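> Quick one, what's the 3D model for this:
(chains A and B)
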Amino acid sequence: MPRTFPEKQVVPLLKSAVNALIENPIILYPLCIGAFIQLFVLEILYFAPRYPLSEFFGPLIRHRWGEMAMHYPYNFFVLPKMFYVAQVGIYFFVGSFLSALTIYIISVVNNDGKITLRLAVKEMLPRYVHIFLAGLIFGIAFFSLVDVCQLIFNSSLLLLKSHPGRLQSIKQLATLGAPILSWLAGVFVTVIFAFYIPIIVLEKKKFLVSLGENFRFLWKSFWFVFFVVLVPSILYVPVLLLRGNIIKLVNDNASPGIEVFLIIISIFVTLVIDGLVLTATTTYYLLKRENK
Amino acid sequence: MRRTFLILSGILIGLFIVLSLLDTKGEYIIEQLLWRANKRLVECVRSPEVVPDKVFAQIAGQYQKIIQEHPKSALVPSAHLFLARVYIVKKDYNAGRKKLNEVLEKFPENTNICVEALVTIGSSYEAEGNWTQALETYGKLKQEYPLTDFGLNIPYYIASYYERNGHFENAQIALNEAIGYYQKLSSEHPGSAAGLKSMRLLANCYIAKKNWTEVLSILEKILTQYPNPEVAMPVVEAINKISTFQLKDYDVAISIYKRVLNSSPHYPLSGLIKKVISTLSELKNKEMAGSTGKK
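All right, here's what the predicted structure looks like:
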């Protein structure tokens, strides 16, 4: 991996991250496992209304979402919600650990070392509790901020509701922009905690100490890190817009199952984004640490 | 790594194949087939004149396939019904009605399907301009399924038909008959869904006759007998609109609400009703102040 590049320049850093991923695909290995787990869960949920999985999932789905959720095509309106719940669980228990493995692999590759997934797991497993707690803090902040943004947004739209005319046009535009706002909130939280897990992995510090170190490190280069996270995250915007227009797509001609197809695309796009962001931020952290 | 990638992909694909094969005859698959056929039929409904006959034949074939390959499915009656609708949309009314009569013979215990079949038969006669036969069909529906949504609607629907087609005398006769019918039903089924629907239709009949006093009387009874928010909100809106725009007298609505509150010491929606009384009183005072100022 390249050792030097111009200080605080987003494009060269991201370019070096892309090159690192191409030359060392093992970096993506843990994230691919994360994608596999999500696809596996998605597949189970896709078949949940059908025999034989309906024998187990049927009572749960009926209790939570009603009888209609067990029938075609209404199950596809519930599937994204079920998958979202599953994704939260996957992230908390497995996702942050897989990110930690990725960071560790990047650090070994950066030192031109040899690494396998098994070795990385062996190294990181003792740190699981700290990584899990860090993931929990990040996850709570992430989902809370996204939900708060949506709540503020929806409340604002309700205020606009009784005012026709120019405000209606603003409301329509704002409705289209709601997913973008949530996405931006997610990017913001990712930036705030960008070095949290790298510090736990690389400095082997405890989760609370690492949190403070993360903010101290970020303080000096917030906007740089913001754009390093923002630029690859833009890849997710088309998926966001497609998913936001799913009802129109189904009404026009698409099969209701298109939602599943979009979720699959989003998993792969997120894999690429996470790979780029983790590689870029970890590389930046390692270089700053070396230059100290 | 490549080997792991192939293994993981194999697991996902293998799981997909296995789970798909385990359920090839289930209700879910039939729902899927039915939905696809229905979507094509809905597209044809938009402009049936330009749809080629072979498209109708294909859609009919899809329904027939469901009926033949899954005879024990709970969705087969619906498939028969949709098959009949293919003929109706194609304007082959005789073939459609023949299919619908088969549905009535084959599934007499399935109330929803029988009601839909009768409604479709009736509307096919209407589309042909044969009101006599349509009326006979609707009469049969009203007699055999009086408490279903469609069955309850029939007397009001008949009156609306006459009104729409300019037969005003027949419309008035039908409205009066409907009023008698709904009054009888609402007294026979107090506190039930059928009773509520009868009272709503009774109110609609009085609205058609522009008899606002009776309309308000019915709406007051609904508020008293069915004190739940889902029922009350549209009723309150209707009372306010009639009092304000038709009778131009806020006091009528206010008196109704006061009587409703007094009807029961623990009226469940008293908070809502008090708020409405307060709002109407304010509006009344503003109007009076406005008209005094003008003087």
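> can you count the residues close to the closest residue to chain B within chain A?
Chain B sits closest to A:Tyr72 of chain A, with a gap of 4.0 Å, by C-beta to the nearest C-beta. Quick note: C-beta positions are derived from backbone N, CA and C, even for glycine. For A:Tyr72, the count of nearby residues is 20 (other C-beta atoms under 10 Å in any protein chain shown).
> for the one 3 residues further on, same thing?
A:Asn75 sits with 23 neighbouring residues when counted by other C-beta under 10 Å.
> Do I have it right that it meets A:Glu67?
No: taking contacts as C-beta atoms under 8 Å, A:Asn75 lies outside contact range of A:Glu67: 10.8 Å.
> By mean pLDDT, point me to the weakest helix or strand of the chain.
The chain I'm using is chain A. helix A:246-252 (a mean of 64; mean pLDDT, DSSP states H and E).
> meant chain B, my bad for not saying
The helix or strand of chain B with the lowest confidence, counting by mean pLDDT, DSSP H and E, is helix B:270-294 at a mean of 85.
> Any chance you could list what contacts it?
Around helix B:270-294, the neighbours that count as contacts under C-beta atoms under 8 Å, 6 or more residues apart in numbering or on different chains are B:223, B:229, B:232, B:236, B:240, B:243-244, B:250-251, B:253-254, B:257-258, B:260-261, B:267.
> Just the buried subset of those, please.
Buried by 16 or more other C-beta atoms under 10 Å in any protein chain shown: B:223, B:232, B:236, B:240, B:243-244, B:250, B:253-254, B:257, B:260-261, B:267, out of the contacts of helix B:270-294.
> which non-adjacent residue is nearest the residue of the stretch 51-200 of chain B at minimum distance from chain A?
Closest to chain A within the stretch 51-200 of chain B is B:Leu75: 10.1 Å, counting by C-beta to the nearest C-beta. Nearest in space to B:Leu75, with sequence neighbours left out and distances taken as C-beta to C-beta, 6 or more residues apart in numbering or on different chains, is B:Ile30 at 5.0 Å.
> Now that neighbour: which helix or strand?
B:Ile30 is part of helix B:27-46 when elements are defined by DSSP states H and E.
> So for that helix, mean pLDDT?
Computed over helix B:27-46, the mean pLDDT rounds to 92.
> just checking, what packs against that helix?
The contact analysis (3 or more C-beta pairs under 8 Å, 6 or more residues apart in numbering or on different chains; DSSP states H and E) places helix B:27-46 against helix B:53-69, helix B:76-89.
> ok and the first one relative to helix B:76-89, angle-wise?
With axes from the mean of the first three to the mean of the last three C-alpha atoms, to 10 degrees defining the directions, helix B:53-69 sits at 160 degrees from helix B:76-89.
> Could I get the full set of helices for the chain?
Since no chain was named, I'll use chain A. Counting by DSSP state H, chain A has helices at residues A:10-23, A:29-46, A:54-65, A:75-90, A:96-110, A:117-124, A:128-161, A:166-192, A:196-203, A:207-219, A:222-233, A:237-244, A:246-252, A:258-291.
> Sorry, I should have been clearer: chain B.
So, for chain B - with DSSP H - the helices run B:2-22, B:27-46, B:53-69, B:76-89, B:93-106, B:111-128, B:131-144, B:149-164, B:168-188, B:193-208, B:212-225, B:229-241, B:250-263, B:270-294.
> rank those helices by pLDDT, which is bottom?
Sorting the helices of chain B by mean pLDDT places helix B:270-294 lowest, at a mean of 85.
> Helix B:250-263 and that one, what's the angle between them?
Angle, helix B:270-294 to helix B:250-263, by the same axes, to 10 degrees: 160 degrees.
> Next, the angle from helix B:270-294 to helix B:212-225.
Helix B:270-294 runs at 150 degrees relative to helix B:212-225, counting by the same axes, to 10 degrees.
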